[in-house]
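> mind looking at a prediction? Sequence and model below.
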Amino acid sequence: MNTSKRAPVFAWLCLGVALAYLFLPLVAMVWSSVTSPRGFYLDAYVQIFQAPRIGETFFFSFQAAILTILISALLVVPTAYWVQLRLPKVRPIIEFLTVIPLVIPPLLMTFGMIRFFNNTPLTNSNQGLYWMMLGAYVIISFPFMYRSVDAGMQSVNIRVLTEAAQSLGASWFNILFKVIFPNVLVAVLNGSFITFSIALGEFTVSSLLNQPAFSPYMLDLSYRQGDLATALGIVSIGVTWACIAAIQLLGRGRGGVHPTGV
Amino acid sequence: MTTTVTAAQQALKPSPPKRSELWKGVPWDWLGLVPFFGFVAVFLVFPALSIVTRSFSDGSGNFTLSNLHSLTNPVITLAYRNTLWVSVITALSGSLLGGLLAWAVTLGGLPRWIRSSVLSFSGVAANFAGVPLVFAFVALLGRIGLLNQLLRPTGLQVDPQRFLYGFWGLCIVYTYFQIPLMVLIMAPALDGLKKEWREAAENLGASQWQFWRYIGLPVLMPALLGSAALLFANAFSTYVTATALLGAIGQTFAVTIVVANQFRTDTFGDPGLGYALAFSMMVVIAITVALYTYSRRQAERWLQK
């Protein structure tokens, strides 16, 4: 039939145009990181390991990402458990609260925080600003962590698990950390990878709170050493994509969740 | 999914741990929510509410509308105009390119593996924003970028000052993350278009064009409008990409950048105006998100499987 024959041509065309838009910048980026006026070179990648500040800022963001994941999991897992077990009517409220961070840009969140906590220990010391940053990161992680964990808990019967553990005389602490946590570990990991990739590349909160994070440093570097910054950008994209690939490998990939305001 | 608590479930409900009589009056169940709600209150709700209340109060805490009135400051109106136009243009360009891509991989008759790879890649690319994205576009469209290198033999050169570090540059770069976002939202909606409708239309002698004009697009319209609203909100609240691309030359170019400048110096010498500006952003985002939610609900009427 004529129409069905014509359609794939147009479909291929749409695919081609869109993919060109999505891939050309990446190709250009890789190309510019491995060429110089004198030809092929990989100096920029070697320099990454020689510039001490890169390691420092990367480690700073890495550490912040891990702390964010820990705090987030410790807040979300017991809460999601408790809500499913005892307070199902609270669920819509929690769901609403965990969607808000997707909508309110980190910029406004940080602005609100820094003014709200003005002249408190949180804003008067660098330590305080660091904890404020972590607080914002944890809030940003909630949509991903909560939904993942909540879905994970629905697929294992936490009610029966709790019953069984109780009948064996387990304390609430043991139920939570020896029964529930291991059973939703995949869901927690799933939320953790997204959180990790967001926190590692996070710019807004850390730069506005003057924290020595990776992304602000990368931008700063680009004004002085463009090649090095571009190579670093490729590495950071690689880390992000590895995280997302890990989520897909975990088999529950929901790449659709998008942090607004990045 | 609402669960009705049946008698059986009631019976299964684990008994609370034993505790002394003294504590009987305390609502223990609710106490379990304190850490989470406390955290959300401290780091999200109170700060957000304080933006709202303080944009309506003067220096000494009295109610006033003058902060909102000061939003007519020419610096702010210009930033708003730029931001709104960039958001509208990239919502449209993203909807168009992303919509066509979504159509191509769902209904376009392409091999199955393309569909799944495009959807996975969209999940990645929609999150690809900020500093590295700007580097990528500088590598492509910058002064010594790939495009200019390729054009060198022809003698033509693209001027990055005009096409990258400014209004059109923002449009080009934002479109990058708008396309995959559109794909992620529209692909399920396109999947919801029933095959029977197309067959029925074809049996009645409708052309491809007639099918889309009278059936396909009208059914998809709420979904399309909703997606465009979400894309608009997405562009409107973008900060990192704007500031990384424009750097020092764009200190008051976009609304988000103006808000960010309030952290370092009080640009307007008027803290109330900073709050009002942040509040106005919240209002714009709330309206677009409400629009998105409403059209999604409309879209579900037709697209239920």
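Now that the structure is in, tell me what you want to look at.
> next one, pLDDT for residue B:35 please.
The model reports residue B:35 with a pLDDT of 93.
> surely it meets residue A:79?
Yes. Shown here, residue B:35 and residue A:79 form a contact pair, counting by C-beta atoms under 8 Å, at 7.2 Å. Just so you know, the C-beta spots here come from the backbone N, C-alpha and C atoms, and that holds for glycine as well.
> which secondary element of chain A has the worst mean pLDDT?
Between all helices and strands in chain A, the lowest mean by mean pLDDT, DSSP states H and E belongs to strand A:39-40, at a mean of 72.
> re earlier: the more surrounded of residue B:35 and residue A:79?
residue A:79 (26 against 13; other C-beta atoms under 10 Å in any protein chain shown).
> okay, that one and residue A:73: tell me how far apart.
The gap separating residue A:79 from residue A:73 is 11 Å, by C-beta to C-beta, to the nearest Å.
> next: residue A:155.
Separation of residue A:155 from residue A:73 (C-beta to C-beta): 18 Å.
> helices or strands up against the helix or strand harbouring residue A:235?
For residue A:235, the element it lies in under DSSP states H and E is helix A:226-249. Judged by 3 or more C-beta pairs under 8 Å, 6 or more residues apart in numbering or on different chains; DSSP states H and E, helix A:226-249 is in contact with helix A:2-34, helix A:43-48, helix A:185-201, helix A:214-224, helix B:112-125, helix B:131-141.
> tell me the angle that helix makes with helix A:214-224.
150 degrees (axes from the mean of the first three to the mean of the last three C-alpha atoms, to 10 degrees).
> burial count for the closest residue to chain A within the stretch 101-250 of chain B?
At 1.8 Å from chain A, residue B:123 is the closest residue in the stretch 101-250 of chain B, using C-beta to the nearest C-beta. For residue B:123, the count of nearby residues is 22 (other C-beta under 10 Å).
> hmm, residue B:177 and it touching each other?
No. If you go by C-beta under 8 Å, residue B:123 and residue B:177 don't touch, sitting 11.7 Å apart.
> okay, and the residue most central in space within chain B sits in which element?
Nearest to the mean C-alpha position of chain B, counting by C-alpha atoms, centre = their mean, stands residue B:234 at 2.5 Å. Residue B:234 is part of helix B:217-236, with elements assigned from DSSP H and E.
> what do you get for residue B:297?
helix B:271-303.
> what's the offset of that helix from the middle of its chain?
10 Å (C-alpha atoms, centre = their mean, to the nearest Å).
> now stretch B:82-101
With C-alpha atoms, centre = their mean, you get 11 Å for stretch B:82-101.
> only the buried residues of it, if you could.
Within stretch B:82-101, the residues that qualify as buried are B:82-84, B:86-95, B:97-101, counting by 16 or more other C-beta atoms under 10 Å in any protein chain shown.
> near chain A too, which of the residues you listed?
Of the residues in the buried residues of stretch B:82-101, proximity to chain A by C-beta under 8 Å from any C-beta of the partner chain holds for B:97, B:98, B:100, B:101.
> mind listing what the last one touches?
Shown here is residue B:101, whose contacts under the criterion C-beta atoms under 8 Å, 6 or more residues apart in numbering or on different chains are A:14, A:15, A:18, B:118, B:179, B:182, B:183.
> doesn't residue A:75 make contact with residue A:138?
Yes. Counting by C-beta under 8 Å, residue A:75 is a contact partner of residue A:138 at 7.0 Å.
> what stretches of the chain score poorly on pLDDT?
This is for chain A. A:1-7, A:37-39, A:251-262 (pLDDT under 70).
> you looked at the wrong chain, it should be chain B
For chain B, residues meeting the criterion pLDDT under 70 lie at B:1-26, B:266-269, B:303-305.
> okay, stretch B:221-228 in CSV with CA atoms only?
What follows is stretch B:221-228, C-alpha atoms only, in CSV (Å, rounded to 0.1, in the frame of the first residue of the first chain):
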residue,chain,number,x,y,z
MET,B,221,-4.5,17.5,21.6
PRO,B,222,-4.9,17.5,25.4
ALA,B,223,-1.7,15.4,25.7
LEU,B,224,0.1,17.7,23.4
LEU,B,225,-0.9,20.8,25.2
GLY,B,226,-0.1,19.3,28.6
SER,B,227,3.4,18.2,27.3
ALA,B,228,4.0,21.7,25.9
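> show me what contacts the nearest residue to residue A:100 once chain neighbours are set aside?
Leaving out its chain neighbours, the residue that sits closest to residue A:100 by C-beta to C-beta, 6 or more residues apart in numbering or on different chains is residue B:44, at 6.7 Å. Neighbour list for residue B:44: A:97, A:100, A:101, A:104, A:109, A:139 [criterion: C-beta under 8 Å, 6+ apart].
> the residues you listed: which two are farthest apart?
Longest distance between any two of the contacts of residue B:44 is 13.2 Å, between A:97 and A:109; criterion C-beta to C-beta.
> of the two, give the one with the bigger neighbour count.
Higher neighbour count among residue A:97 and residue A:109: residue A:109, with 24 against 19, using other C-beta under 10 Å.
> hmm, that one is touching residue A:101, no?
Yes. Contact criterion C-beta under 8 Å: residue A:109 and residue A:101 qualify, at 7.3 Å.
> tell me, what's touching those two both at once?
With C-beta under 8 Å, 6+ apart, residue A:109 and residue A:101 have common neighbours A:139, A:140, B:44.
> so what's residue B:38 up against?
Applying C-beta under 8 Å, 6+ apart to residue B:38 gives no contacts.
> now do the SS call for it.
Three-state call for residue B:38 (DSSP: H, G, I helix; E, B strand; the rest coil): helix.
> now residue A:84
At residue A:84 the chain is in helix, as set by three-state DSSP.
> how many other residues sit next to the spatially closest residue to residue B:270 that is not a sequence neighbour?
Spatially, and ignoring its direct neighbours in sequence, residue B:270 is nearest to residue B:70 (6.5 Å; C-beta to C-beta, 6+ apart). Number of residues near residue B:70 (other C-beta under 10 Å) recorded here: 15.
> any idea how far chain A is from residue B:70?
Relative to chain A, residue B:70 is positioned 17 Å away (C-beta to the nearest C-beta, to the nearest Å).
> that residue contacts residue B:273, correct?
Yes. Counting by C-beta under 8 Å, residue B:70 does reach residue B:273; the two are 4.8 Å apart.
> out of the buried residues of stretch B:82-101, list just those in helices.
The members of those that map onto helices under DSSP state H are B:82-84, B:86-95, B:97-101.
> residue B:262 and residue A:110 touch, don't they?
No. With contacts counted by C-beta under 8 Å, residue B:262 stays clear of residue A:110, the gap being 10.6 Å.
> re earlier: got the angle for the helix holding residue A:235 vs helix A:185-201?
Taking the same axes, to 10 degrees, helix A:226-249 and helix A:185-201 form an angle of 170 degrees between their directions.
> angle of helix A:226-249 against helix A:2-34?
On the basis of the same axes, to 10 degrees, helix A:226-249 is oriented at 130 degrees to helix A:2-34.
> so how far is helix A:226-249 off the chain centroid?
Centroid separation for helix A:226-249 versus its chain: 13 Å, with C-alpha atoms, centre = their mean.
> give the buried residues for it.
Quick answer for helix A:226-249 (16+ other C-beta under 10 Å): A:226-237, A:239-241, A:243-244, A:246-247.
> distance of residue B:278 from chain A?
To chain A, residue B:278 is 5 Å away according to C-beta to the nearest C-beta.
> what's near enough to touch that residue?
Residues near residue B:278 by C-beta under 8 Å, 6+ apart: A:108, A:111, A:112, B:51, B:55, B:259, B:262.
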